[in-house]
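Colleague: Sequence and computational prediction follow.
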Amino acid sequence: MKIVFWLSTCLIAYTYFGYPLLLWAITKLKSRNIVKREIFPRVSIIIAARNEAGRIRQKIEHSLALDYPEERLEILVASDASNDGTDEIVKEYAGRSVALVRATEHKGKEHVQALAVAVATGDILVFTDAATILEPDALWRLMANFADPSVGAVSSEDVIVDAHGSPTAEGLYVKYEMWVRRLEGRFNSIVGLSGSCFAIRKELCSDWSPVLASDFMGSLRAARKGYRSIPDPSALGRFVALVSPQAEMRRKVRTFLRGITVLMANLDLLNPFRYGRFAFQLASHKLLRFLAPFLLLSTLITSIALRREPLYGAVLCTQAGFYLVACTGGLIAPLQRNRIVRTAYFFMMVQLAMLRAWGKYVLGQQQVTWEPSRRPDITVTAPSSFESGSRHSR
């Protein structure tokens, strides 16, 4: 019982603290640099859309206003059998390097992305969605990383804001995730790209899966071909946090289920003798993260069984207090203004979402079809206001 307790506790501590601190220490001694140079390859922006009539126009306008040479850019709106007028809005932009790629049946995000990949003319493909607004310089900043021949994919950095563009409570968790990504990029490679926006060499998309999550699969494809995937903290993508806790829980369950499905389909990448550093990172960042709720349950159960000993009794009281604070924060939303309550609540919500995702996976459920989370629109500067300050002629 004590062996199980300490093994579970140590693995939890390693997953959330030990792994990033180990990367930090290693990269302080030696880190892998990235050769950046301003380059302008042919780029295809692929915007996945499912019934996005309310915001697809804003997304297209801001994509057209990105600081990148017009003749080197095409925009493909990949419509997953939208039936709300999205397609008609996209067709209004025909002749402005914007084209509609439509799936005739609602089969999911990756399926419609595959249709767009097949017709894309860019050497670099940029995948994004209608809810994400890229900063004006994000595209050329992403492209500068591809001057390094070891780089196969580049992820933008997420900024979660409210409808007025201000940071939200979830921002603390996102900042932690972005910090870990930066460390992974300096160490070797990130193990998952940002679903809101990432760029990848088209040559790595030849075996595109119509069912497996494209952001996670992107980094795995790059690793298989000997490329690195890296984050670029200077390339920012903003999207609005979901207001409803129930909607946020559903989104997290969906995201974790997709991630678990991808990992279980690519377990060979955990072989350290073949994939070296990447295998170590995949096990540390993804495998142990997905197993964290079971490790937490194991720690709780064993500490209950060992509670008569002072040390384990103290650990049990600490866990009980933490979960009580988290549950209270979930029941009384205004308490989440306190950082400790907010952090405890969000951590518990993530673990519960992972448990539910594992349950769905064990039952054989897959998240293939896709309905985007209905986020509020961002109040942003009109494209014309920053278009005039462009560095690169359009």
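Modeller: Here it is on my side, so go on.
Colleague: shaky segments in the stretch 151-300 of the chain?
Modeller: Residue ranges of the stretch 151-300 of the chain with pLDDT under 70: 161-172, 240-244.
Colleague: hey, where'd the strands end up in it?
Modeller: Secondary structure of the stretch 151-300 of the chain (DSSP state E, counting those that start in this stretch): strands at 151-161, 197-201, 228-240.
Colleague: elements contacting the last one?
Modeller: Applying 3 or more CB pairs under 8 Å, 6 or more residues apart in numbering; DSSP states H and E, one finds that strand 228-240 contacts strand 133-134, helix 138-144, strand 151-161, helix 171-187, helix 214-224. C-betas here are computed from N, CA, C, even on glycine.
Colleague: Out of the strands of the stretch 151-300 of the chain, which gets nearest to V112?
Modeller: strand 197-201 (16.5 Å; CB to CB).
Colleague: of all the strands of the stretch 151-300 of the chain, which lies closest to G108?
Modeller: strand 197-201 (17.9 Å).
Colleague: what pairs with that closest one, and is each one parallel or antiparallel?
Modeller: strand 124-129 (antiparallel), strand 151-161 (antiparallel) (DSSP bridges).
Colleague: what angle do the last one and helix 214-224 make?
Modeller: I take that to be strand 151-161. 150 degrees (axes from the mean of the first three to the mean of the last three CA atoms, to 10 degrees).
Colleague: for the shortest one, same thing?
Modeller: If you take the same axes, to 10 degrees, strand 124-129 sits at 150 degrees to helix 214-224.
Colleague: Return the alpha-carbon coordinates of strand 124-129 using PDB.
Modeller: Provided in PDB are the C-alpha atoms of strand 124-129 (Å, rounded to 0.1, in the frame of the first residue of the first chain):
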ATOM      1  CA  ILE A 124       3.400  25.500 -45.800                       C
ATOM      2  CA  LEU A 125      -0.100  24.800 -44.600                       C
ATOM      3  CA  VAL A 126      -1.600  26.900 -41.700                       C
ATOM      4  CA  PHE A 127      -4.500  25.400 -39.900                       C
ATOM      5  CA  THR A 128      -6.800  27.600 -37.900                       C
ATOM      6  CA  ASP A 129     -10.500  28.000 -37.000                       C
END
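Colleague: orientation of it relative to strand 228-240 in degrees?
Modeller: Using the same axes, to 10 degrees: strand 124-129 against strand 228-240 is 30 degrees.
Colleague: gap between strand 124-129 and the chain center?
Modeller: Its chain's C-alpha centre lies 13 Å from the corresponding centre of strand 124-129 when counted by CA atoms, centre = their mean, to the nearest Å.
Colleague: Run through who's touching that strand.
Modeller: Contacts of strand 124-129 with the rest of the structure, by CB atoms under 8 Å, 6 or more residues apart in numbering, involve 41-49, 113, 117, 134, 139, 142-143, 146, 195-202, 205, 214-215, 218, 237, 372.
Colleague: 7 Å instead, please
Modeller: With CB atoms under 7 Å, 6 or more residues apart in numbering as the test, strand 124-129 has contacts from 41, 43-48, 113, 117, 134, 139, 142-143, 146, 196-202, 205, 214, 372.
Colleague: Give me the buried subset of those residues.
Modeller: Buried residues within these, counting neighbours by 16 or more other CB atoms under 10 Å: 43-48, 113, 117, 134, 139, 142-143, 146, 196-202, 205, 214, 372.
Colleague: So which of the strands of the stretch 151-300 of the chain is the most surrounded?
Modeller: Highest mean neighbour count of the strands of the stretch 151-300 of the chain: strand 197-201, a mean of 26 (counted as mean count of other CB atoms under 10 Å).
Colleague: how about it as CSV, C-alpha atoms only?
Modeller: Written as CSV, here are the backbone C-alpha positions of strand 197-201 (Å, rounded to 0.1, in the frame of the first residue of the first chain):
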residue,chain,number,x,y,z
CYS,A,197,-3.4,27.8,-35.2
PHE,A,198,-0.4,25.8,-36.3
ALA,A,199,1.7,25.7,-39.5
ILE,A,200,3.2,22.5,-41.0
ARG,A,201,5.2,21.6,-44.1
